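Asker: This is the structure alone, sequence omitted:
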Ligand SMILES: Nc1ncnc2c1ncn2[C@@H]1O[C@H](COP(=O)(O)OP(=O)(O)O)[C@@H](O)[C@H]1O
Ligand SMILES: [Mg+2]
């Protein structure tokens, strides 16, 4: 007979806890609210951060990651001459990791004068921009040639009067095909159209320009008022190294005359999103969850007070203090877990809706969703500790007297 | 075979001031006996019942339950004795308000680790036994006072205790309803249950085979 021990099955303990929180559904729902909001906020912030980061890495394509630009910083006195040396393309293309590099500038409209082609009846004579570009630049913008070819170093060296046109510009200037070696006129000077490009992957505004070899342009129209720029196409992963070497390679004695722009480090970009605002929101979510836990603690403590006759009865029926503690701890843990589950649902819904409204792909780490009920459970357990201790200390004789 | 043996058992509530609620007393209750303890309010009846039910410890004397000295037992084993040997019936029923009659009755075997199905089956049998087979799923709020006390008695029975302790079981009932409850207790006694009932009503006390009276903490009879 001494083998008779007080004990309760885990399933029965949970069933009693469930019955305990279901006996006051209204109060349970209100108690859950804090945890739902807290956990929901956590899930939403983590999910939104992950989605935003995913969005950035999608946009942050290989194209952007392999692009370095160099600008000339306008000199204080004009006597210093152009910053880019004549052999700028060769100097940069020598660097290990560079695919193509080229200098370009927009030719001053008042120097180059009007651009005309084979006049069409009634064709608009709007202003046409002229771009001076080295052959390296033409390659670096990754054009799709529709007809003809790009001008090359040969044209550049001999200062040939040749142009490359974007498709729309060609149409406007009445150039339809290259078989008859058509020409366009810039300030009255004839330029042979050697190629028409359908599309470019970089610097899309080039499609609207009449593109002239840079050497030809400087011979004809001199140094530009707008300082030239350089576009460098690197191999994947080399952009930052090239960025650090470019200014020195161009002008070892005065690298400070250039401003070099490299693509941002994708990791830094991600961390940047993860810090500032997200940290603030996570802190708020933490506060919310803490308030939720306090709510659970409060409700459970009130329940312990109210149900002290029940505790006395259970003790009389053979419950040990630890059984009583376990029951109230289970009730608070159950509240926390249910709050966590609902919060995970709410947070996920917020992330999905926000992503849809911004046309993003919703991204959520599995542990964010799986961890939410766990966070609720932890909050519930912590919240239940003190009420459970109080419940375990209820004296059955006192409790039954009522 | 004795169920209860008290040897010089007394209890003084520690003050200040100390209250000698029960003077050292002797009492023996044999298996199958029906004993009532009667006395005016404040005479120490509940104090005695709490000692017999192992809800409180005496400040002196020895209490043997089913021949086992309960004094040296740790709290854990006293709790186990409550779970397996003692059935309680209280004046205010102490039913859980949000649980059905059956669920209330199953509680008496909850802390024995009995499986839910067995508890349910035995709870329903106990409800049949107290004549409430038709109210198995009713909530206490839907039951009359007499029915509630019968549910409480079913709860005490379902565990098949060796001792049924009743503290003024009809104190909250009108006399007609009280009679049905008392008749039920009579029946249980006839079926072999050892019953110890507290009452301040001498008329009710006389139904039992043996009446013990208590006054100012002194047990006589
Ligand atoms: N916890 C306690 N502390 C001090 N005195 C108590 C306590 N419980 C009961 N008493 C006193 O002990 C005496 C007996 O009480 P009780 O056994 O409840 O009487 P009855 O049940 O016969 O009405 C009363 O005088 C009561 O005031
Ligand atoms: Mg009393």
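Answerer: Perfect, thanks for sending it. These numbers come from a predicted model, not from an experiment. Ligands and ions are numbered 1, 2, ... in the order given.

Asker: Now do the contacts for residue A:75.
Answerer: A:83, A:257 (C-beta atoms under 8 Å, 6 or more residues apart in numbering or on different chains). Heads up, the C-betas are built off the backbone N, CA and C, glycines and all.

Asker: Helix, strand or coil: sort out it for me.
Answerer: Here residue A:75 is recorded as coil under DSSP: H, G, I helix; E, B strand; the rest coil.

Asker: quick one, strands of the chain?
Answerer: No chain specified, so I'll use chain A. Applying DSSP state E to chain A gives strands spanning A:67-72, A:98-106, A:115-116, A:130-133, A:143-148, A:162-166, A:183-186, A:189-200, A:210-213, A:229-234, A:258-261.

Asker: please go with chain B instead
Answerer: B:2-13, B:19-30, B:34-38, B:60-65, B:68-69, B:86-89, B:163-167, B:195-199, B:210-215, B:218-220.

Asker: okay, the ones you listed in JSON lines with mean neighbour count next?
Answerer: JSON lines is the format used below for the strands of chain B (neighbours: other C-beta atoms under 10 Å in any protein chain shown):
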{"stretch": "strand B:2-13", "mean neighbour count": "18"}
{"stretch": "strand B:19-30", "mean neighbour count": "18"}
{"stretch": "strand B:34-38", "mean neighbour count": "23"}
{"stretch": "strand B:60-65", "mean neighbour count": "17"}
{"stretch": "strand B:68-69", "mean neighbour count": "14"}
{"stretch": "strand B:86-89", "mean neighbour count": "25"}
{"stretch": "strand B:163-167", "mean neighbour count": "23"}
{"stretch": "strand B:195-199", "mean neighbour count": "25"}
{"stretch": "strand B:210-215", "mean neighbour count": "17"}
{"stretch": "strand B:218-220", "mean neighbour count": "16"}
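
Asker: what would those look like in CSV with mean pLDDT and distance to chain A?
Answerer: Shown next, in CSV, are these (pLDDT from 0 to 100; distance: least, C-beta to the nearest C-beta, whole Å):
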stretch, mean pLDDT, distance to chain A
strand B:2-13, 94, 11
strand B:19-30, 94, 12
strand B:34-38, 94, 17
strand B:60-65, 95, 11
strand B:68-69, 93, 8
strand B:86-89, 95, 5
strand B:163-167, 95, 9
strand B:195-199, 94, 13
strand B:210-215, 93, 18
strand B:218-220, 92, 19
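
Asker: so can I have JSON lines of the ones you listed showing distance to ligand 1?
Answerer: Output for these, formatted as JSON lines (distance: least, C-beta to the nearest ligand atom, whole Å):
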{"stretch": "strand B:2-13", "distance to ligand 1": "3"}
{"stretch": "strand B:19-30", "distance to ligand 1": "3"}
{"stretch": "strand B:34-38", "distance to ligand 1": "9"}
{"stretch": "strand B:60-65", "distance to ligand 1": "16"}
{"stretch": "strand B:68-69", "distance to ligand 1": "23"}
{"stretch": "strand B:86-89", "distance to ligand 1": "14"}
{"stretch": "strand B:163-167", "distance to ligand 1": "8"}
{"stretch": "strand B:195-199", "distance to ligand 1": "7"}
{"stretch": "strand B:210-215", "distance to ligand 1": "7"}
{"stretch": "strand B:218-220", "distance to ligand 1": "12"}
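
Asker: still on that earlier bit, so for ligand 1, which of the strands of chain A sits nearest?
Answerer: strand A:258-261 (83.8 Å; C-beta to the nearest ligand atom).

Asker: strand partners of the closest one, parallel vs antiparallel please.
Answerer: Paired strands of strand A:258-261, with direction, are strand A:67-72 (antiparallel) (DSSP bridges).

Asker: Strand A:98-106 and the strand it pairs with, what's the angle between them?
Answerer: Between the axis of strand A:67-72 and that of strand A:98-106 there is an angle of 40 degrees, by axes from the mean of the first three to the mean of the last three C-alpha atoms, to 10 degrees.

Asker: Could I get the buried residue list for strand A:67-72?
Answerer: The neighbour-count check on strand A:67-72 (16 or more other C-beta atoms under 10 Å in any protein chain shown) flags A:67, A:68, A:69, A:70, A:72 as buried.

Asker: again with stretch A:284-299
Answerer: Across stretch A:284-299, burial judged by 16+ other C-beta under 10 Å covers A:285, A:288, A:289, A:292, A:293, A:295, A:296, A:297, A:299.

Asker: Then stretch A:311-323?
Answerer: Neighbour-count burial for stretch A:311-323 flags A:311, A:312, A:313, A:314, A:315, A:316, A:317, A:318, A:319, A:320, A:321, A:323 (criterion: 16+ other C-beta under 10 Å).

Asker: pLDDT score assigned to the fifth one?
Answerer: Translated: residue A:315. As predicted, residue A:315 sits at a pLDDT of 96.

Asker: For it, which non-adjacent residue is closest in space?
Answerer: residue A:396 (3.7 Å; C-beta to C-beta, 6 or more residues apart in numbering or on different chains).

Asker: State the distance from the one you found to residue B:82.
Answerer: Distance, residue A:396 to residue B:82, by C-beta to C-beta, to the nearest Å: 9 Å.

Asker: which residues do these two both contact?
Answerer: With C-beta under 8 Å, 6+ apart, residue A:396 and residue B:82 have common neighbours A:315, A:316, B:55.

Asker: can you list the residues you listed in TSV and add distance to ligand 1?
Answerer: Listed next are the shared contacts of residue A:396 and residue B:82 as TSV, based on distance: C-beta to the nearest ligand atom, whole Å:
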residue	distance to ligand 1
A:315	16
A:316	16
B:55	12
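
Asker: So out of everything in the stretch 151-300 of chain A, what residue is nearest chain B?
Answerer: residue A:299 (15.7 Å; C-beta to the nearest C-beta).

Asker: from the buried residues of stretch A:311-323, which single one is nearest residue B:22?
Answerer: For those, the minimum distance to residue B:22 (C-beta to C-beta) is 19.1 Å, reached by residue A:316.

Asker: in the sheet, who's paired with the residue most central in space within chain B?
Answerer: The structure's chain B has its C-alpha centroid closest to residue B:165; by C-alpha atoms, centre = their mean the separation is 1.8 Å. On the basis of DSSP bridges, residue B:165 is bridged to residue B:88, residue B:196.
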